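Undergrad: Return a 3D structure for these sequence lines:
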Amino acid sequence: MSASPHDADPTLRSDNLRMVGKLVVIAALMFGFGYALVPMYRAICNALGINVLSVAERKVPGNAPKSQNTQVDTSRIVTIEFDANVRGPWEFKPAMRSIDVHPGEMATVMYEFKNVQNRAMAAQAIPSYAPRQAMAHFNKLECFCFNEYLLQPGESKQWPVVFIVDPKLPRDVRTITLSYTFFEVGGKTPAEPTL
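TA: Below you'll find the predicted structure:
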């Protein structure tokens with residue numbers, strides 16, 4: 001009966017056992033370090049005041065904890081006026097004429113449209129801003145002006161404009177007018193039916 005190579009060299013066996021022991025210790029240390037990262041991260045962020053989550057977790061007696069968007073400038077209000085112009089026989093208007101927002105605050109306004117013609121039409125809206133310097137600070141996250149639409153005869157739609165006024169808007173700008181001109185896109189609609 002021949003001896004296996006492992007039985008022949010007892011030093012190799014002890015080296016292997018020592019290596020396995022070291023690997024088990026290293027794995028346990030890595031697991032412990034990973035487990036300890038969360039409380040360490042929380043403590044460092046609390047000490048430096050850089051973690052929004054840790055600020056939201058602080059409990060004030062008598063108040064429920066709530067998160068706050070620190071990018072909103074609550075020290076001022078900007079009035080956004082909404083205007084709608086049409087270039088054709090249809091109805092187009094904002095659901096509200098104006099809204100007051102804090103710079104940095106997200107807001108949504110709906111626009112209403114109705115094709116009163118007896119034919120389908122393709123149309124698109126083009127925005128403009130007053131004062132002109134406000135354009136760089138008016139950030140639309142969602143807008144019907146990004147797309148063209150095909151509207152059937154008598155079809156009505158409501159479309160949102162979701163926006164944020166940049167807190168870097170100059171302080172002397174207190175009112176922004178957002179105006180849309182809705183026009184028919186030529187060559188993309190069927191001809192008007194003959195009677």
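Undergrad: Just give me the longest helix of the protein.
TA: Assignment by DSSP state H gives helix 10-48 as the longest helix of the chain.
Undergrad: What about Pro103, how many residues nearby?
TA: 21 (other CB atoms under 10 Å). Glycine gets a C-beta too; all of them are placed from N, C-alpha and C.
Undergrad: Ok, Phe92 next?
TA: Neighbours around Phe92, by other CB under 10 Å: 21.
Undergrad: The helix or strand where it lies pairs with which strands, parallel or anti?
TA: Per DSSP states H and E, Phe92 falls inside strand 90-94. Strand pairing for strand 90-94, determined by DSSP bridges: strand 106-115 (antiparallel).
Undergrad: any idea where the helices of the chain begin and end?
TA: 5-8, 10-48, 52-57.
Undergrad: Please name every helix or strand in contact with the second one.
TA: Going back to what we said before, that points to helix 10-48. On a contact count with 3 or more CB pairs under 8 Å, 6 or more residues apart in numbering; DSSP states H and E, helix 10-48 meets helix 52-57.
Undergrad: how near is Arg132 to Ala120?
TA: 36 Å (CB to CB, to the nearest Å).
Undergrad: For the two, indicate the residue with more neighbours.
TA: Taking neighbours as other CB under 10 Å, Arg132 and Ala120 compare with Ala120 leading, 15 against 8.
Undergrad: Isn't the more buried one up against Tyr149?
TA: No - Ala120 lies out of contact with Tyr149 (CB atoms under 8 Å); the separation is 10.5 Å.
Undergrad: For Leu178, grab the count of nearby residues.
TA: Using other CB under 10 Å, Leu178 has 24 other residues around it.
Undergrad: Report the helix or strand with the lowest average pLDDT across the protein.
TA: In the chain, no helix or strand scores lower on mean pLDDT, DSSP states H and E than helix 52-57, which sits at a mean of 44.
Undergrad: centroid residue for the chain?
TA: Residue closest to the average C-alpha location in the chain (CA atoms, centre = their mean): Leu141, at 6.9 Å.
Undergrad: Tell me, what's the model's pLDDT at that one?
TA: What the model reports for Leu141 is a pLDDT of 89.
Undergrad: Count the residues that sit near the closest residue to Arg97 other than its chain neighbours.
TA: Spatially, and ignoring its direct neighbours in sequence, Arg97 is nearest to Phe82 (6.0 Å; CB to CB, 6 or more residues apart in numbering). Residues near Phe82, counting by other CB under 10 Å, number 20.
Undergrad: Same question for Val161.
TA: Applying other CB under 10 Å, I find that Val161 has 22 neighbouring residues.
Undergrad: Is it in contact with Thr108, as I believe?
TA: Yes - counting by CB under 8 Å, Thr108 is a contact partner of Val161 at 7.0 Å.
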